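> Okay, structure incoming, though there's no sequence with it:
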């Protein structure tokens, strides 16, 4: 759950840069957006793997019972 909260915080942190890039045409903000999106991608993958591991562990427990 902690990683999900971090994911939400990253999205919110990008909001100002998205505004600067799209509305004010600030190219440096675009660079920050790209970096932030890469961080989001990596964190989303970590969450995805964690969820799969938990799901598999729950399935294994139910098969043992």
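That came through, no problem. As the structure is a computational prediction, the values presented were derived from the model and not from experiment.
> if you count residues, which helix in the protein comes out on top?
helix 27-64 (DSSP state H).
> And that helix, what's buried?
29, 32-33, 36 (16 or more other C-beta atoms under 10 Å). From N, CA and C alone the C-beta is placed, and that goes for glycine too.
> for that helix, packing partners?
Helix 27-64 sits against helix 2-24, with contacts defined as 3 or more C-beta pairs under 8 Å, 6 or more residues apart in numbering; DSSP states H and E.
> Report the angle between the helix it packs on and helix 27-64.
150 degrees (axes from the mean of the first three to the mean of the last three C-alpha atoms, to 10 degrees).
> which intervals of the protein have sub-threshold pLDDT?
65 (pLDDT under 70).
> List the contacts of residue 60.
Not one residue lies near residue 60 by C-beta atoms under 8 Å, 6 or more residues apart in numbering.
> So for this protein, which residue is the most central one in space?
residue 40 (3.4 Å; C-alpha atoms, centre = their mean).
> what's near enough to touch it?
7, 10-11, 14.
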